[in-house]
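**Student:** Structure of the sequence below:
(2 chains)
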Amino acid sequence: MRTVLALLSLAALLLPVTLGAEENPLQQSVQVGMLVADPDQAGDRIEGWAEAQGGYLLEKSSERVVLRLPQARLPLLRGFLEGLSENLVSYSPQAADLREQLSQTRSGLRSREAILKRNLALLDQADAAGTLAIEQELLSLIEEVEGLKARLAALSLDQLYARVEIALSFRESPLPKDIPSSFGWINQVSFYALVEEGF
Amino acid sequence: MRRRLILAVLVLLPLLASAAPRLKVQPPAGFAEAELGKGAAYRALSPEGLLFRVRLFPNEPEKTLSFWSETLKNHLVKEGYRPNGEAQAFQAGETAGAAFEWVVPYGNESYLYLTAVLVTGKQIVLAEAAGPSALFTRHRQSLSESLKTIRLK
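**Tutor:** Modelled structure (predicted):
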């Protein structure tokens, strides 16, 4: 049991945490509302564009699209969506400062790793009752260290990728109606006459 | 007298035929040319039934492409058609054209409706196509290529 615990502790201490662009302390996000002619088609085009920019899709439906986009590509988003939509109803960029969370998580991780090392050293000197207590403490510390590392990795991802949430809506427009023109040929231009002639 | 009349008709027929404008169009890729319907100078259909139609109208009063494309745009907007982007200028041989796309609700779907206008001297050429937006989008490029092949002689 001691060996297993020692190995688990070592693994928790040694597993690297992938840290992203630490120079950027901001997590950026954008909330968008837009009117489109065809929400499904718009969703497909947004997904294709995001992937071409190095981003990825989190969720897609006829009502909304959620994606992650490299923060460096965020300035291109608005122009792309304006070209795609009939009306960009809302575009709300937001930024959250991650410095406090990063700092808390890192210091929590450092202190737990220090305790973990100290407890590991004590393990060999402890009697049976002490060993049990230390083992329980070690297991709890390993869990905490892993949780903090996962949190740090998630924060690192937030530093690199913006979160974009796009609400898609289709406006039911009134049907075009016939209004006479003074020019005869223009009176003959009609979508409905054309589609009824098809097939 | 009767022989003279027949002779006159025989002489005039080729002249009348040459006076009528002749339209040449390459069908959009994947479309098949269809029988001419009422008033159409050219018709082609995609396998899904998306219709591409070209009609000719006299340029009366004689005006430029700029005038007729603006007039058509303003009229359709007034009727309630919603433009899908800006007008696209194109060139069919030596003739300039202007194409508009419109979004139109039809049934439970959004349709896209193309209207393209060319003006060649005494004739206005109107090309139209319409279909559900996903289908239309698939054929948009080939429709656009076909517009560039319109020739009027």
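**Student:** going forward, measure contacts and count neighbours with C-alpha atoms only.
**Tutor:** Noted.
**Student:** I'd like the next helix or strand past the lowest-mean-pLDDT helix or strand in chain B.
**Tutor:** Counting by mean pLDDT, DSSP states H and E, chain B has its least confident helix or strand at helix B:2-19, which shows a mean of 50. For helix B:2-19, the following helix or strand on the C-terminal side (DSSP states H and E) is strand B:23-24.
**Student:** what lines up beside that next one in the sheet?
**Tutor:** Under the criterion DSSP bridges, strand B:23-24 sits next to strand B:151-152 (antiparallel) in its sheet.
**Student:** so what's the residue nearest to the spatial centre of chain B up against?
**Tutor:** In chain B, the C-alpha nearest the mean C-alpha coordinate belongs to B:Ala127, at 2.0 Å (Cα atoms, centre = their mean). B:Ala127 is in contact with B:Phe52, B:Arg53, B:Val54, B:Arg55, B:Leu114, B:Thr115, B:Ala116, B:Val117, B:Leu147, counting by Cα atoms under 8 Å, 6 or more residues apart in numbering or on different chains.
**Student:** How about residue 98: what's its closest non-neighbour residue?
**Tutor:** Since you didn't name a chain, this refers to chain A. Leaving aside its chain neighbours, A:Leu98 sits nearest to A:Pro25 (5.3 Å; criterion: Cα to Cα, 6 or more residues apart in numbering or on different chains).
**Student:** nope, chain B please
**Tutor:** Closest residue to B:Ala98 apart from its sequence neighbours, by Cα to Cα, 6+ apart: B:Ala89 at 4.5 Å.
**Student:** pretty sure that neighbour is in a strand, no?
**Tutor:** Yes. Assessed with DSSP: H, G, I helix; E, B strand; the rest coil, B:Ala89 lies in a strand.
**Student:** surely it meets B:Ala96?
**Tutor:** Yes. Counting by Cα atoms under 8 Å, B:Ala89 does reach B:Ala96; the two are 7.2 Å apart.
**Student:** These two: which is more packed in?
**Tutor:** Legend: neighbour count by other Cα atoms under 10 Å in any protein chain shown for B:Ala89 and B:Ala96, higher for B:Ala96 (16 against 12).
**Student:** and that one, bridged to which residues?
**Tutor:** Beta-bridge pairing of B:Ala96, defined through DSSP bridges, involves B:Gln91.
**Student:** wouldn't it be in contact with B:Phe90 here?
**Tutor:** Yes. If you go by Cα under 8 Å, B:Ala96 and B:Phe90 touch, sitting 5.9 Å apart.
**Student:** picking that back up, can you name the helix or strand that the residue nearest to the centre of chain B falls in?
**Tutor:** Assigned by DSSP H and E, B:Ala127 belongs to strand B:123-132.
**Student:** which other helices and strands contact the helix or strand following that strand?
**Tutor:** Downstream of strand B:123-132, the next assigned helix or strand under DSSP H and E is helix B:133-147. Judged by 3 or more Cα pairs under 8 Å, 6 or more residues apart in numbering or on different chains; DSSP states H and E, helix B:133-147 is in contact with strand B:109-120.
**Student:** follow-up on the earlier one: and the strand holding B:Ala127, which strands flank it?
**Tutor:** strand B:51-58 (antiparallel), strand B:109-120 (antiparallel).
**Student:** mean confidence for that strand?
**Tutor:** Averaging pLDDT along strand B:123-132 yields 95.
**Student:** for residue 40, helix, strand, or coil?
**Tutor:** Looking at chain A here, since you left the chain open. A:Asp40 is classified as helix under three-state DSSP.
**Student:** Switch to chain B, please.
**Tutor:** Put simply, B:Ala40 is coil when judged by three-state DSSP.
**Student:** What count of nearby residues applies to the closest residue to A:Ile166 other than its chain neighbours?
**Tutor:** Nearest non-adjacent residue to A:Ile166, counting by Cα to Cα, 6+ apart: A:Val32, 4.6 Å away. For A:Val32, the neighbour count with other Cα under 10 Å is 20.
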